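Asker: what's the 3D shape of this:
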Amino acid sequence: MGDDDCIITKQNVVCTLCHKVLTNHGNTTNLRAHLQYRHKEVFDMLVQENNIAVPPRKPPAPKMITKIKREPKRPKIKMEYSPPTLHNTISNESAGNDEHDEQSILYESVVPMTYDDDDVIDSNHFTKIEVSNANDIKTSPCSTDLLTVNRTERKFCITTSANNIENELAIDDYQMLEALANLVVNDIRNVDTLYDDGMAKFIRTICGNITIPALKKIETYIKEVHSDKQTSLADQIKVHSQIKPFSLGFEIWENVEQKHFLSIYFNYATDAPDFNLITQIYCTIEYNKFTVIDNIFEDFNLNNCTAAIINCDYDEYLKHFLNEKNIPVILSYDTVVNHCIKNVIAIPAVASIIEEVKDTLMRYHLEISAKDVEIPQISNEFPWTYYELLKFFSETVSWPEDVEALVTSSKVIYDILGNLAITIETLKGEDIPLSSMLSPITSKVLTKKLVITEGDDNFAATIKDTISTTLDKMVLSDIHLTISALLDPRFHRLTNITNYNTCVQILTDKYDRIVESQGISPIKPSGRTSNTGVKSSTSSMIKKSNLELFFDLTEGPIEQPAAQEPSNVETDLKRYRSDVYVSLDESPFVWWSKMSHLYSSLKHLAVQYQCLPCVVNMNYKKPIKQQISEHQKRFMLTGNLIDAILFLHYN
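Answerer: Model (predicted):
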């Protein structure tokens with residue numbers, strides 16, 4: 001079979017593929033059968049390489065069970081309880097002698113241990129008797145005694161059929177180990193929860209008397225799988241970081257032990273098989289004042305890092321590291337929205353209304369619950385729960401007249417916050433939303449949805465102003481989000497740019513560094529042609545995407561006269577902004593791949609921002625209940641497998 005596939009010792013054979021120990025009968029029959037059944041691909045490869053003729057497998061012959069003629073010392077007894085109504089008529093012969101029609105009946109099956117091979121029967125396998133309302137009694141082939149007793153000793157039983165026995169015998173220790181490890185990873189749970197009474201009983205009920213692997217064995221298996229996958233991923237992204245731009249995501253969180261952790265994400269653009277953005281969790285480390293972040297990125301070229309997306313309020317230690325590496329910091333958009341909601345809730349008038357809403361729901365709690373309606377619960381860590389509560393209070397319940405004033409006030413808050421919900425729904429339409437979407441979306445919200453009108457009272461005006469101020473500070477004032485929008489052909493027309501000269505200067509400096517590091521040839525003058533404008537033809541019958549519905553564009557491309565200008569970052573950007581018009585549904589990756597030769601300086605800059613998502617992870621896409629559930633699962637993680645479990649779960 002080959003030394004690479006097995007280890008033959010004096011006592012046994014060990015398969016190195018799954019570490020199963022096989023009985024040694026003096027030949028390789030057992031190993032061949034094991035490979036053919038458990039590792040079919042390896043077996044087929046060995047057969048093909050060595051020209052081995054494998055005879056067809058014979059159908060399994062029925063097992064013959066031979067009894068030894070001796071009295072068993074300790075018979076095994078199984079008792080089944082059956083309701084008395086099922087036994088009013090057992091047979092015509094015994095109908096006259098039946099004196100216990102109203103009593104319970106127990107069936108005993110004596111199973112003598114008279115089998116040659118102990119593997120033929122296990123301690124959970126008993127003869128099963130089927131009883132119906134018919135006169136005939138259906139029994140299995142084994143003979144049994146039917147006894148009637150007056151006292152019921154057991155109210156239930158669990159029996160196993162032949163099919164279940166086959167399934168039990170088919171589950172080996174390695175399969176059980178793999179299944180339990182997958183359970184830990186998929187459910188984001190601690191390994192020790194597998195040994196809770198309920199879980200242990202469930203496993204034994206499903207799998208019979210199979211032994212649950214030791215805790216250390218499961219932990220070792222998870223560590224090995226994590227090590228293999230993490231090493232492979234780390235090698236790939238480290239090589240990528242040396243030659244292509246990327247971005248990083250940082251998420252700081254806390255567990256039940258009040259320990260802080262830092263989860264790091266790696267984001268990069270790829271053109272195989274399609275142009276898209278990929279985000280993967282790289283690692284999770286315990287985060288404290290002794291953490292050395294530089295060690296994590298020891299083999300990375302951080303000069304190619306476009307920016308870092310974070311979900312926290314500028315943690316000083318992390319901020320110092322990023323500033324030292326000259327990596328810009330962008331706040332994750334779901335965190336920006338959470339800030340907006342928190343700032344609104346902090347307004348005294350709004351806080352007062354929310355307290356009144358909570359009190360009203362408590363007063364009517366019994367009546368609402370009687371109608372099988374679930375009242376949303378508030379979580380301070382998830383500000384969107386306040387939005388859900390106001391939505392429920394304003395729209396779901398029909399209130400009496402004395403509550404109408406409160407309903408009106410809560411609806412004002414809910415309607416204004418709904419503009420933020422629209423932006424989140426727009427981002428959900430993207431597989432991974434790019435940061436280039438944030439400035440134009442925010443500009444649209446501020447100019448169309450949050451403008452203070454004559455019909456707004458002071459209460460509504462204060463809420464709108466609070467949200468507008470927060471969005472302007474965290475999104476529109478961010479120079480890198482502005483640049484990202486400029487270099488996205490879909491959005492460069494849809495954002496208000498108040499710091500254009502600063503953007504040009506940053507792009508020029510960045511381009512000079514790229515030329516110096518990559519040895520790019522100097523730019524030759526490029527003439528502008530009238531056909532550089534691109535507009536995708538779309539039929540009015542085609543369903544509009546979230547982006548098209550959000551912006552509802554009606555303008556078309558503006559024809560510009562041809563001109564001859566020297567080519568540099570500033571002139572290319574000027575031509576690009578006046579010439580380019582593309583559909584919101586067009587891929588920016590594909591567009592730059594096709595048209596970058598017309599804007600030779602910008603093509604090297606655009607790719608820098610194509611690897612920059614506007615969120616740390618995709619949790620914002622999930623329903624709020626699922627977000628809270630996964631947050632709680634992660635919160636309960638303890639021990640030294642946190643990194644491995646989260647890595648395997650999300651990758």
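Asker: Show me where the stretch 451-600 of the chain has its strands.
Answerer: If you assign secondary structure with DSSP state E, counting those that start in this stretch, the strands in the stretch 451-600 of the chain sit at 526-528, 563-565.
Asker: Lowest average confidence across the ones you listed, which one?
Answerer: In terms of mean pLDDT, the lowest-scoring of the strands of the stretch 451-600 of the chain is strand 526-528 (a mean of 47).
Asker: Buried by neighbour count: which residues of the host helix or strand of Lys201 qualify?
Answerer: Following DSSP states H and E, the helix or strand that holds Lys201 is helix 197-207. Of all the residues in helix 197-207, those buried under the rule 16 or more other Cβ atoms under 10 Å are Ile203, Cys207. Using the backbone N, CA and C atoms, a C-beta is placed for each residue, glycine as well.
Asker: thought Leu605 was touching Tyr511?
Answerer: Yes - at 5.9 Å, Leu605 counts as touching Tyr511 under the criterion of Cβ atoms under 8 Å.
Asker: intersection of neighbour lists for these two?
Answerer: By the contact definition Cβ atoms under 8 Å, 6 or more residues apart in numbering, Leu605 and Tyr511 are jointly contacted by Val569.
Asker: following the helix holding Lys201, which helix or strand shows up next?
Answerer: Elements were assigned by DSSP H and E; along the chain past helix 197-207, the next helix or strand is helix 215-243.
Asker: partner strands of the strand or helix carrying Thr306, parallel or antiparallel?
Answerer: For Thr306, the enclosing helix or strand under DSSP H and E is strand 305-310. Applying DSSP bridges, strand 305-310 is found paired with strand 246-254 (parallel), strand 329-331 (parallel).
Asker: contacting residues around that strand?
Answerer: Identification of contacts with strand 305-310 by Cβ under 8 Å, 6+ apart yields 241, 245-252, 265, 267, 318, 322, 325, 327-332, 335, 435, 480, 608-609, 611-616.
Asker: Which elements pack onto the helix or strand where Ile424 lies?
Answerer: Ile424 belongs to helix 404-428 when assigned by DSSP H and E. Taking 3 or more Cβ pairs under 8 Å, 6 or more residues apart in numbering; DSSP states H and E as contact, the helices and strands that helix 404-428 lies on are helix 333-345, helix 348-363, helix 384-391, helix 438-444, helix 458-471, helix 546-551.
Asker: Now tabulate those in a markdown table and tack on mean neighbour count and distance to Thr193.
Answerer: Supplementary listing: these in a markdown table, determined by neighbours: other Cβ atoms under 10 Å; distance: least, Cβ to Cβ, whole Å:
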| stretch | mean neighbour count | distance to Thr193 |
| --- | --- | --- |
| helix 333-345 | 20 | 29 |
| helix 348-363 | 15 | 34 |
| helix 384-391 | 21 | 27 |
| helix 438-444 | 25 | 40 |
| helix 458-471 | 17 | 41 |
| helix 546-551 | 18 | 40 |
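Asker: Lys625 is nearest to which of those?
Answerer: Distances from Lys625 to each of the helices and strands packed on helix 404-428 were compared by Cβ to Cβ, and the smallest falls on helix 384-391, at 9.4 Å.
Asker: Quick one: mean pLDDT for the closest one?
Answerer: Helix 384-391 shows a mean pLDDT of 95 in the predicted model.
Asker: what do you get for stretch 303-316?
Answerer: Stretch 303-316 shows an average pLDDT of 87 in the prediction.
Asker: from the middle of its chain, how far away would that stretch be?
Answerer: Its chain's average C-alpha position is 22 Å from that of stretch 303-316, according to Cα atoms, centre = their mean, to the nearest Å.
Asker: what comes up buried for it?
Answerer: When neighbours are counted by 16+ other Cβ under 10 Å, the buried residues of stretch 303-316 are found to be Asn304, Cys305, Thr306, Ala307, Ala308, Ile309, Ile310, Asn311, Cys312, Asp315.
Asker: Extract the C-alpha set from stretch 477-494 and format it as PDB.
Answerer: Presented in PDB, the C-alpha positions along stretch 477-494 are these (Å, rounded to 0.1, in the frame of the first residue of the first chain):
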ATOM      1  CA  SER A 477     -15.500  65.600   6.800                       C
ATOM      2  CA  ASP A 478     -13.500  62.500   6.300                       C
ATOM      3  CA  ILE A 479     -11.100  63.300   3.500                       C
ATOM      4  CA  HIS A 480     -10.400  59.600   2.600                       C
ATOM      5  CA  LEU A 481     -14.100  58.800   2.200                       C
ATOM      6  CA  THR A 482     -14.300  61.800  -0.100                       C
ATOM      7  CA  ILE A 483     -11.400  60.500  -2.200                       C
ATOM      8  CA  SER A 484     -12.900  57.000  -2.300                       C
ATOM      9  CA  ALA A 485     -16.100  58.500  -3.700                       C
ATOM     10  CA  LEU A 486     -14.100  60.600  -6.200                       C
ATOM     11  CA  LEU A 487     -12.400  57.500  -7.600                       C
ATOM     12  CA  ASP A 488     -15.600  55.400  -7.900                       C
ATOM     13  CA  PRO A 489     -17.000  56.200 -11.400                       C
ATOM     14  CA  ARG A 490     -20.600  55.600 -10.000                       C
ATOM     15  CA  PHE A 491     -20.400  58.300  -7.300                       C
ATOM     16  CA  HIS A 492     -18.000  61.000  -8.200                       C
ATOM     17  CA  ARG A 493     -20.900  63.300  -9.300                       C
ATOM     18  CA  LEU A 494     -23.100  62.500  -6.300                       C
END
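Asker: So for that stretch, what gets flagged as buried?
Answerer: 478, 480-494.
Asker: What of stretch 174-181?
Answerer: Tyr174, Met176, Leu177, Glu178, Leu180, Ala181.
Asker: Now render those residues as CSV, adding distance to Asn640 and pLDDT.
Answerer: Output for these, formatted as CSV (distance: Cβ to Cβ, whole Å; pLDDT from 0 to 100):
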residue, distance to Asn640, pLDDT
Tyr174, 23, 85
Met176, 23, 88
Leu177, 19, 91
Glu178, 20, 92
Leu180, 18, 93
Ala181, 15, 95
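Asker: Dump the helices and strands packed on helix 404-428 to JSON lines, plus distance to Asn640.
Answerer: Supplementary listing: these in JSON lines, determined by distance: least, Cβ to Cβ, whole Å:
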{"stretch": "helix 333-345", "distance to Asn640": "29"}
{"stretch": "helix 348-363", "distance to Asn640": "41"}
{"stretch": "helix 384-391", "distance to Asn640": "33"}
{"stretch": "helix 438-444", "distance to Asn640": "38"}
{"stretch": "helix 458-471", "distance to Asn640": "40"}
{"stretch": "helix 546-551", "distance to Asn640": "42"}
